[in-house]
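Undergrad: Sequence plus the predicted model coming up.
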Amino acid sequence: MTATHIHAAPLPNSRLRVGDVLRVGASGLRTRRLRTGLSTLGVAIGIAAMVGVLGLSASSREDLQTKIRALGTNLLEVQAGTGFGRGSGTLPNTAVAMVSRIGPVTSVSSIATVTGAVRRNDMISAGITSGISVFAADPGLLDTLHATLAGGKWLDAATSTYPAVVLGSITAQKLGIVNVADQIRVRMGDQWFAVIGILDPVAAAPGLDRGAIVGIAAASTYLAAGAAVVPETIYVRTTEADVNSVRNVLSNTVNPATPEEVQVSRPSDALAAQDAASSAFTSLFLGLGAVALLVGGIGIANVMVIAVIERRSEIGLRRALGATRAHIRRQFLTEAVLLAGAGGVVGVGLGAGVTAIYASIKHWQIVIPPIAIIGGIVAAIVIGGIAGLYPASRAARLPPTEALRSN
Amino acid sequence: MSESGESWREAPAAEQPALELVDVVKEYPGEPPIRALDGVSLQIEAGELAAIVGPSGSGKSTLLHIIGTLDRPTSGVLRLAGVEASAMSDKQLSAVRSQLIGFVFQQFFLLEGMTALENVANGLLYKGIVPSERRRAAAEALERVGLGNRLEHTPNKLSGGERQRVAIARAIVNRPSIVLADEPTGNLDSKSGASVMELIRELHLEGRTILIITHDRELAASLPRRISMRDGAVESDETDSHPTSQLAAR
């Protein structure tokens, strides 16, 4: 075969295959590993910060919303106000009965604090409370709070009058009581109480976790020397639609004489507020992540500008081998995008890792929004493209004779 | 070797001169403008081995850039294997370089971090040839320059003479109409330089068209044709009657 060098038709244009564009773009990175690593890290930190912030806020929000769902937004809490110049807050004895007469109310329960300590046995001094409070509650409390039992039974009409006690989750842990079936008794005041149940953590009333709950009648008989136990906090469940109207009439219903001494709140509001506060922080940290990403992008632009200056002879050589200006531009643009893209992938991995570790420490469900993963990588690629634009066009504009001039 | 593997050794057909310059002028802007080439006309036939020789400032580097289509003449005509290249766009000139010209530089210009094979394969990169075919042709070219056992060596593991051989392999891998060698022995000791010249002569005998640009009159004297440059013009153009006799002379 003999090539006949008669070019009647114009020469075919120089051509760089798509796979070769990637290969050529990556070759510049392959030979400068440290620099590649460092400039990738710059972008990775920015992306990791953003993905981490989005992941953590999504995970914590998921956790809060789980709590709010468990709580229900239709639960209201009524407390005796500790107003200015007033004594210890108690609610009128009639309160529970009055509230239950409000139409949309589906259940009402009350609790009251009772003086006393819970001890494993009678050898321990009565003064040592271990931070455990004793509450008197009516049998409806479990349903009203949507609380659940870890084991055993809740108080019923019968056990409420007997020396029987249900322990909060932390109380049980502190006293070292795991299994109700062991028929353990604890000492409260001068009386042995049988442990009949252990609660799961109660989202609506976290105070109960550190409590020991007995029936109102039992409290009066065994712990208050026959005196009546007055309710301190009333929990009210209403129909979903009427939460606000019930809320408006609660104070007057509970204490018609001095309604201003009554505090009504909705426990889910506190969680919702927490949620809102954390999303304010999310925007702040997201902004900081964006700044870090911008700095990373500038780092890439910087590295690329240096690369173009350093690699003049490579550019000249490639032009001599037949590369067009567009091929050179594509090479350096690809290099910048690969740098930033690698940073994006590493960053998403880091951010997701941090989220997973932190969320599992906090016992949250791990939630990493897909938008954070896709957005993180896309943002990195866009940043790389923008950062590479100027250096790449500078490389492309370099005249081959100038690029080949040594030193 | 396969039949197609042999084909790169074969000489281009001789219907057209490999290179033709007609009254080429190159001026650089300035006050007054600097005239680096002042009406150069010359013709290199396919299969020739020639030297363009001259002191620095004689315009030989400018001539190399014009012939290599790295720069455009201010006026005049440049034809490469019959292709009129004086008025081409930058994109078309890139095509000319990728298909009609092979470059050998004094500084080798091998890419560090790439093996000899990859460096030679780069000579075919901008022709859009598939990677496997590029590597096959590159291996063959390296075999030809005597580096068949150095395919996977990176430039920093090669001697100067070996690097220039890799560069020569890269210049011939795309079977150009003309190989332009700019001071090919300038960075080499005399022994490596002599062996590189030996290789260039062998390639010439196989039918390659090779133009060497040098300031070294002794080196030029050993070549069959010598074009002397002075002050941007051709001063003399001598051709030996028996070109091949020069091979034995050195």
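TA: Alright, I've got the coordinates. The structure displayed is predicted, hence computed values, not measured ones. Numbers count the residues shown, from 1 in each chain, chains lettered A, B, ... in the order given.
Undergrad: okay, CA-based contacts and neighbour counts for the rest of this
TA: Noted.
Undergrad: What helix or strand is the residue nearest to A:Val367 when sequence neighbours are not counted located in?
TA: The shortest distance from A:Val367 to any residue other than its chain neighbours is 4.7 Å, reached at A:Ser59 (Cα to Cα, 6 or more residues apart in numbering or on different chains). Secondary structure assigned from DSSP states H and E places A:Ser59 in helix A:33-71.
Undergrad: Next secondary structure after that helix?
TA: Sequence order places strand A:75-80 as the next helix or strand after helix A:33-71, per DSSP H and E.
Undergrad: For that next one, name the packing helices and strands.
TA: strand A:233-238, helix A:243-254, strand A:262-265, helix A:267-310 (3 or more Cα pairs under 8 Å, 6 or more residues apart in numbering or on different chains; DSSP states H and E).
Undergrad: tell me the most buried of those?
TA: strand A:233-238 (a mean of 25; mean count of other Cα atoms under 10 Å in any protein chain shown).
Undergrad: Check the average confidence over that strand, would you?
TA: For strand A:233-238, mean pLDDT rounds to 86.
Undergrad: Run the angle between that strand and strand A:75-80 for me.
TA: 150 degrees (axes from the mean of the first three to the mean of the last three Cα atoms, to 10 degrees).
Undergrad: partners of strand A:233-238 in the sheet?
TA: Here strand A:233-238 has these sheet partners by DSSP bridges: strand A:75-80 (antiparallel), strand A:105-114 (antiparallel).
Undergrad: Comparing the ones you listed, which comes out most buried?
TA: Highest mean neighbour count of the strands paired with strand A:233-238: strand A:75-80, a mean of 23 (counted as mean count of other Cα under 10 Å).
Undergrad: mind checking which helix or strand of chain B has the lowest mean pLDDT?
TA: Least confident helix or strand, chain B: helix B:3-6 with a mean of 42, by mean pLDDT, DSSP states H and E.
Undergrad: Next, count neighbours for the residue of chain B found nearest chain A.
TA: In chain B, the residue that lies nearest chain A is B:Ser98 (3.9 Å; Cα to the nearest Cα). By the criterion of other Cα atoms under 10 Å in any protein chain shown, B:Ser98 has 31 neighbours.
Undergrad: Apart from its neighbours in sequence, what residue is nearest it?
TA: The shortest distance from B:Ser98 to any non-neighbouring residue, by Cα to Cα, 6+ apart, is to A:Gly322 (3.9 Å).
Undergrad: Just to check, the one you found is in contact with B:Gln92?
TA: No - between A:Gly322 and B:Gln92 there is no contact under Cα atoms under 8 Å: 9.5 Å.
Undergrad: Return every residue with contacts to both of those two.
TA: A:Ser14 (Cα atoms under 8 Å, 6 or more residues apart in numbering or on different chains).
Undergrad: ok, back up a step: list the buried residues of the very next helix or strand once past the least confident helix or strand of chain B.
TA: Downstream of helix B:3-6, the next assigned helix or strand under DSSP H and E is strand B:19-28. Within strand B:19-28, the residues that qualify as buried by neighbour count (16 or more other Cα atoms under 10 Å in any protein chain shown) are B:Leu19, B:Glu20, B:Leu21, B:Asp23, B:Val24, B:Val25, B:Lys26.
Undergrad: do stretch B:121-137 as well
TA: Neighbour-count burial for stretch B:121-137 flags B:121-129, B:131, B:134-135, B:137 (criterion: 16+ other Cα under 10 Å).
Undergrad: The longest helix along chain B packs against which elements?
TA: The helix spanning the most residues in chain B, taking DSSP state H as the definition, is helix B:190-205. Using 3+ Cα pairs under 8 Å, 6+ apart, the elements in contact with helix B:190-205 are helix B:160-172.
Undergrad: Can you give me the buried ones in the helix it packs on?
TA: Of all the residues in helix B:160-172, those buried under the rule 16+ other Cα under 10 Å are B:160-172.
Undergrad: how about the CA coordinates for it, as PDB?
TA: Taking C-alpha atoms only, helix B:160-172 is exported to PDB below (Å, rounded to 0.1, in the frame of the first residue of the first chain):
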ATOM      1  CA  GLY B 160      19.100  11.800  26.500                       C
ATOM      2  CA  GLY B 161      19.800   9.800  23.300                       C
ATOM      3  CA  GLU B 162      16.900   7.400  24.100                       C
ATOM      4  CA  ARG B 163      14.600  10.300  24.800                       C
ATOM      5  CA  GLN B 164      15.400  11.800  21.400                       C
ATOM      6  CA  ARG B 165      14.700   8.500  19.800                       C
ATOM      7  CA  VAL B 166      11.300   8.400  21.500                       C
ATOM      8  CA  ALA B 167      10.700  11.900  20.100                       C
ATOM      9  CA  ILE B 168      11.700  10.700  16.600                       C
ATOM     10  CA  ALA B 169       9.400   7.700  16.900                       C
ATOM     11  CA  ARG B 170       6.600  10.200  17.800                       C
ATOM     12  CA  ALA B 171       7.400  12.300  14.800                       C
ATOM     13  CA  ILE B 172       7.200   9.400  12.300                       C
END
